[in-house]
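Q: My questions are about this predicted structure, shown below with the sequence.
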Amino acid sequence: MEFLGDLLANYTLRTVGMGAVFLGAVNGVLGAFAVLRKQSLLGDAISHAALPGIALAFLLTGSKATLVLLLGAAAAGWVGTLFVMNIVKNTRVKYDSALGLVLSVFFGIGLVLLTYIQRMPVASQAGLDRFLFGQAATLLARDVATIGLLGAGVLLIVLAVWKEFKLLCFDPDFARSLGFPIRWLDVLLITLLVTSIVIGLQTVGVVLMSAMVVAPAAAARQWTDRLGAMVAISAFFGALAGGAGALTSSVMERLPTGPTIVLCLTVIVLVSLLVAPNRGVIWKWARERVNRNMLQVEAVLADLHVLAARHDDPGHGHPISVLRTMSIGHGGVDRSLEVLRERGFVRKTADGTWSLTPRGLEEAKRLEGRRGEGP
Amino acid sequence: MTSVSGMAPAIKVEDLTVAYGERPVLWDVDMEVPAGILMAIVGPNGAGKTSLIKAVTGLVRPVAGYVAIFGKPYREQRPLVGYVPQRNSVDWDFPTTVLDVVMMGRYGGLGWFRRPGATERALALEALEKVGIAELKGRQISQLSGGQQQRLFLARAIVQDARIYLMDEPFQGVDATTERAIVTLLKEMRARGKTVVVVHHDLQTVPEYFDWVTLLNVRCVASGPVDRVFNDRNLRLTYGGRVSYLTHHTPGDTLADGEDGG
């Protein structure tokens, strides 16, 4: 409670929280499209490639204004993407290797430049290293305004070309046959992705920024089968993790924001993978169990039907040991008989044997008929 | 090469060469498809069947050659041409519904920025009705069987309302019921004046399903009416003698059902 009270009263925390929530949401939206376009890893290359851009922007202008540094980051991120595309197009290097190459080479150059800057004999160089792991506490009101403006622009464009992006992600060949310029749509998607990554760099850092792109989308996919809902949930998860991570790291001494946000994302992803209905691991496991039990029950009913068919009196009882012998391979005879008795399909005779009821006979015949038809 | 009554053919392919890297997949192909016919493209694996229809629809850029749709370049005639990709070319786990995918067929007609509305919905439902999966309209597409996926793609093509359709293996991995349903649908399209070109694998059914055929193996071996070009010699040229089709069928037998004008 005290924390919440602090939060509302504290102007700095409010600023930081707003910025982080918004950039989380924007990256959640773009991340959803990037994941569906099978470009998840491109985000990683873009964010790492941005580091030398930030350093160069500072070296060239001597300014630490957020906008200047982010422009440098965007330019470098873009150049990195171009490198990836051209390596794939003009050499025999495959896409994943090209991503790895560009990511590490650009990041390496970025680190060298950063080290050089830190040794410069001027006082103004301090603080650039916050772009490595992110430091939400350094967000100022005007940074948040920049994030808000750029993010809103990105979101508006996504809404405008929603159906084109959907088609691009689902069936690009068909989209091209309809006359949509797939190459330019891809360029637009990547440009928006670069923008949304860049506005998150100060808060999350280049090293872990790609988690902000991929994780909310991957988690959101677990909860829905609709694109609109997936994008919305992804935005929500991004905002949640961004907000929670940024605020936690701001109130704790010397805690970098990026790793904190990633921890929040990890929780969201784990929960989604485990418990989401239909796609969750636990859900799948439970469904398989139910199916298996049902098949066992049906098998026992079928066995009883076979036994009943050999007697003139269909109500004749059969000992459980016979049923167990027939059930080698599927088991669960006792439990299945209990289930069948509850449904009124079998009854236990006075001497402890089991027989089909008339309703059970009907059911057994119905199941047999259904099996005959096949799937 | 046959041309029908002076009218420009639906598709005219001239000297078409397509290559990926140094290897040509299509070499100097000439083909003429008159309007209003059902044509099969057959040939062994790697014969360039998919590349041929992708070149006609502008999805791959030819090294050389020329494609005309009703006498004009494809670029000017794009709305007249519908493309049905191979079923496994898309991710069926994509978060979308059956009805939504059908409506994608209208995206070209809608143009930029406009969203599909009630009209598109009605057209899509009608098309789903026609292919017999209307009851699946709200399903997520990953829940469809192979045959239902193929019907879905055909419904999407129907709402496009093109005049020419190029389909990449619509019979791949579907059961006998679906195959019959698709054939009925294709013949219906032909009856309404559409031209349909289908990449096909099953030589046995060519005379029964199609009236024209193109035999392709990088080069175009033969192209024309089934009863004239679908014969022993051309099949051997296309498949290099590996074909068993003619050992138990003679072309006369398979054409017995009404079409052997001879």
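A: Yes, it's here. The structure presented is a predicted model; accordingly, all values stated were derived computationally and were not measured.
Q: What number of residues are in the vicinity of the closest residue to chain B within the stretch 1-150 of chain A?
A: With Cβ to the nearest Cβ as the measure, A:Leu36 is the residue of the stretch 1-150 of chain A nearest to chain B, at 6.7 Å. All C-beta spots, glycine's among them, are computed from the backbone N, C-alpha and C. The number of residues packed near A:Leu36 is 24, by other Cβ atoms under 10 Å in any protein chain shown.
Q: right, and it touches A:Leu168 too?
A: No: no contact is recorded between A:Leu36 and A:Leu168 when judged using Cβ atoms under 8 Å, the distance being 9.1 Å.
Q: All the strands of chain A, residue numbers only.
A: In order along the chain, chain A carries the following strands (DSSP state E): A:346-348, A:354-356.
Q: any chance of those strands in JSON lines, with distance to chain B and mean pLDDT too?
A: Converted to JSON lines, these look like this (distance: least, Cβ to the nearest Cβ, whole Å; pLDDT from 0 to 100):
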{"stretch": "strand A:346-348", "distance to chain B": "35", "mean pLDDT": "86"}
{"stretch": "strand A:354-356", "distance to chain B": "35", "mean pLDDT": "86"}
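Q: what does the stretch 51-200 of chain B have sitting close to chain A?
A: The interface of the stretch 51-200 of chain B toward chain A, taken as Cβ under 8 Å from any Cβ of the partner chain, is made up of B:54, B:57-59, B:78-79, B:81-83, B:85, B:89-91, B:94-97, B:100-101, B:104, B:107-108, B:110, B:112-113, B:115-116, B:140, B:142, B:156, B:160.
Q: Okay, and which of these map to strands?
A: Checked against DSSP E, those include these in strands: B:Val81, B:Gly82, B:Tyr83.
Q: which stretches of the stretch 151-262 of chain B form strands?
A: For the stretch 151-262 of chain B, the strands defined by DSSP state E, counting those that start in this stretch occupy B:164-168, B:195-199, B:212-217, B:219-225.
Q: so can I have CSV of these showing mean pLDDT and mean neighbour count?
A: CSV is the format used below for those (pLDDT from 0 to 100; neighbours: other Cβ atoms under 10 Å in any protein chain shown):
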stretch, mean pLDDT, mean neighbour count
strand B:164-168, 96, 24
strand B:195-199, 96, 25
strand B:212-217, 94, 24
strand B:219-225, 93, 19
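Q: JSON lines for these, including distance to A:Ile54?
A: Listed next are the strands of the stretch 151-262 of chain B as JSON lines, based on distance: least, Cβ to Cβ, whole Å:
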{"stretch": "strand B:164-168", "distance to A:Ile54": "47"}
{"stretch": "strand B:195-199", "distance to A:Ile54": "51"}
{"stretch": "strand B:212-217", "distance to A:Ile54": "55"}
{"stretch": "strand B:219-225", "distance to A:Ile54": "56"}
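Q: A:Arg183 is nearest to which of these?
A: Within those, the stretch nearest A:Arg183 is strand B:164-168; the backing value is 21.6 Å (Cβ to Cβ).
Q: Contacts for that closest one next, please.
A: Counting by Cβ atoms under 8 Å, 6 or more residues apart in numbering or on different chains, the neighbours of strand B:164-168 from elsewhere in the structure are B:10-11, B:33, B:49-50, B:53, B:56-57, B:69, B:80-86, B:89, B:157, B:189, B:194-199.
Q: just to revisit the earlier point, please tabulate the strands of chain A in a markdown table, including the columns distance to A:Glu363.
A: Listed next are the strands of chain A as a markdown table, based on distance: least, Cβ to Cβ, whole Å:
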| stretch | distance to A:Glu363 |
| --- | --- |
| strand A:346-348 | 10 |
| strand A:354-356 | 9 |
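Q: what's the most buried one of those strands?
A: Highest mean neighbour count of the strands of chain A: strand A:354-356, a mean of 22 (counted as mean count of other Cβ atoms under 10 Å in any protein chain shown).
Q: what helices or strands is that one leaning on?
A: Packing partners of strand A:354-356 (3 or more Cβ pairs under 8 Å, 6 or more residues apart in numbering or on different chains; DSSP states H and E): helix A:281-309, strand A:346-348.
Q: Residue 146: how many residues sit nearby?
A: No chain was given, so I picked chain A. Using other Cβ under 10 Å, A:Thr146 has 19 other residues around it.
Q: Please refer instead to chain B.
A: Residues within reach of B:Gly146, counting by other Cβ under 10 Å, total 15.
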